[in-house]
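Quick one, what's the 3D model for this:
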Amino acid sequence: MRLTSIPRVDIAHLPTPLEPAPNLSAELGGPEIWIKRDDLTGLALGGNKARKLEYLVADALAQDATVLMTAGAPQSNHCRQTAAAARKSGLKAVLIFAPYSKHYGSTDPDQAPQGNLLLDNIMGAKIEWYQGDWQDRLRFMDQVAADLRDKGERPYVIPGGGSNAIGATAYVNAVYETITQLRDNSMTATHWYTTSSTSGGTHAGLALGAKLAHAPFAVVGSACDQNAEKTRSVVLPLANATAEHIGTDVRLAESDIVIDDSYYLPSYGIPNEGCLEAIEIAARTEGLLLDPVYTGKTMSALIDHVRTGKLTSSDVVIFHHTGGTPALFAQADGIAGSFSGPDLD
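As a prediction, the model looks like this:
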């Protein structure tokens, strides 16, 4: 296995902390909860994509790229971090957005930007808007890339979420990093809760890493955008493509990809009551800020699994904080009234 020899650039603050959440654990009546703080990767307010971009930028530089190009929703954390990685590496950034009305945050290109979109603008990313479905986006990206080449640029196209075998490799490494932290704390864990999506890279890397490292914990993905079947249909083949990329004969089966799809509705990017409750509980017990798109819904899954007995006081759970805090500001008008007032008058 060539995991340690794959080129990467140093743009993330690693290892990220693994810190206890005793107040949250007490609030829920167990289990013991630890937070893997990938919101603290340091790249333009942090987030899990910084890990992937270490490998993706290394590959881009090896190909003598001049531009990083990727796509996402207008409040994409991945796009924000890609723009930052490009700037940090001396490259330009082009971001492809669709003003879908179903997506969270500002969806009108003529509106004043907010949240992640504001940060993209501050970093000087070139933003291109398109209309249409997924296939339209792929065609539009191909056209933008061709236009860049005509202008003498060398674009490196990164898939949504940084989710290919190169990017997912980062989360194989993250498992080994975390196991070392567990050992340093003389502890073990029974579960790792993470967000799972139909870009799939983070969950794919974690699931593969857990199997390779014989991790003591089960990786549990909380779906954020599609049902379990559709999500697994992306995560599983990506995990196995990543295995091939890093040179291992290990392969995953469907049973290795655990996904709970009970908490993402009404749709991607739209917080539900459980999500808003989870955001408030995390903030008021640990000063931990979750987002309304990914981590809020994943925490709501963890909380409900405690309440329904799927997790008990004997379990030790790692909650994977993947970042995304800027989305709170993009949704301020919609969610601010959902929270109670101060503890003291």
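
could I have stretch 314-325 exported to PDB, CA atoms only?
C-alpha atoms of stretch 314-325 as PDB (Å, rounded to 0.1, in the frame of the first residue of the first chain):
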ATOM      1  CA  SER A 314     -21.400   2.200  27.500                       C
ATOM      2  CA  ASP A 315     -20.700   3.500  24.000                       C
ATOM      3  CA  VAL A 316     -17.900   6.000  23.100                       C
ATOM      4  CA  VAL A 317     -18.800   8.000  20.000                       C
ATOM      5  CA  ILE A 318     -16.700  10.200  17.800                       C
ATOM      6  CA  PHE A 319     -18.700  13.000  16.200                       C
ATOM      7  CA  HIS A 320     -17.100  14.200  13.000                       C
ATOM      8  CA  HIS A 321     -17.400  18.000  12.700                       C
ATOM      9  CA  THR A 322     -16.800  18.600   9.000                       C
ATOM     10  CA  GLY A 323     -17.200  22.400   9.200                       C
ATOM     11  CA  GLY A 324     -19.700  24.600   7.300                       C
ATOM     12  CA  THR A 325     -20.200  27.300   9.900                       C
END
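
For that stretch, list every residue counted as buried.
315-325 (16 or more other C-beta atoms under 10 Å). Placement of C-beta: from N, CA and C, glycine included.

Then stretch 39-59?
Quick answer for stretch 39-59 (16+ other C-beta under 10 Å): 39-41, 43-59.

For stretch 274-292, buried residues please.
Buried positions in stretch 274-292, judged by neighbour count with 16+ other C-beta under 10 Å: 274-282, 285-286, 288-292.

let me redo that: stretch 306-316
Using 16+ other C-beta under 10 Å as the test for burial, stretch 306-316 gives 306, 311, 315-316.

now swap in stretch 211-224 and tell me
211-212, 215, 217, 219-224.

Quick check: end-to-end length of it?
Distance across stretch 211-224, first residue to last, is 23 Å (C-alpha to C-alpha, to the nearest Å).

And the strands in this structure?
Counting by DSSP state E, residue ranges of the strands within the chain are 18-20, 32-37, 67-72, 92-97, 126-129, 155-157, 191-196, 218-223, 258-260, 316-321.

Show the pLDDT at residue 46.
The score at residue 46 is 97. That number is its pLDDT.

show me the contacts for it.
13, 38-40, 323 (C-beta atoms under 8 Å, 6 or more residues apart in numbering).

circling back: okay, and which of the buried residues of stretch 306-316 map to helices?
Among those, the residues falling in helices (DSSP state H) are residue 306.

Would you mind measuring from residue 37 to residue 259?
Using C-beta to C-beta, to the nearest Å, residue 37 is found at 23 Å from residue 259.

What of residue 319?
Distance from residue 319 to residue 259, counting by C-beta to C-beta: 16 Å.

so where is the stretch 101-250 of the chain shaky, pLDDT-wise?
Counting by pLDDT under 70, the stretch 101-250 of the chain has low-confidence residues at 101-111.

let's see it at 80
101-112, 132-135 (pLDDT under 80).

average model confidence for stretch 300-310?
Model confidence over stretch 300-310 averages 98 on the pLDDT scale.

what's next to it, contact-wise?
28-31, 33, 193, 220, 222, 260, 262-263, 272, 274-275, 277-278, 281, 311, 317, 319.

And for stretch 53-64?
6-12, 43, 68, 81-82, 85-86, 89, 91, 154, 156, 158, 162, 166-167, 169-170.

And it, how far out from the chain middle?
Chain-centre distance of stretch 53-64: 19 Å, with C-alpha atoms, centre = their mean, to the nearest Å.

With only the CA atoms kept, save it in CSV.
The C-alpha trace of stretch 53-64 is given here as CSV (Å, rounded to 0.1, in the frame of the first residue of the first chain):
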residue,chain,number,x,y,z
LEU,A,53,-7.4,19.5,-1.2
GLU,A,54,-3.9,18.7,0.1
TYR,A,55,-3.9,15.7,-2.4
LEU,A,56,-5.9,17.4,-5.1
VAL,A,57,-3.7,20.5,-5.2
ALA,A,58,-0.6,18.3,-5.3
ASP,A,59,-1.9,16.6,-8.3
ALA,A,60,-2.9,19.9,-9.9
LEU,A,61,0.6,21.3,-9.4
ALA,A,62,2.2,18.1,-10.8
GLN,A,63,0.1,18.8,-13.9
ASP,A,64,1.4,22.4,-14.0
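
Excluding chain neighbours, what is closest to residue 315?
residue 31 (3.7 Å; C-beta to C-beta, 6 or more residues apart in numbering).

Return the per-residue confidence for that neighbour.
Note on residue 31: pLDDT of 97.

wait, isn't residue 225 in contact with residue 200?
No: counting by C-beta atoms under 8 Å, residue 225 does not reach residue 200; the two are 10.4 Å apart.

If anything else comes up later, I'll come back, but that's it for now.
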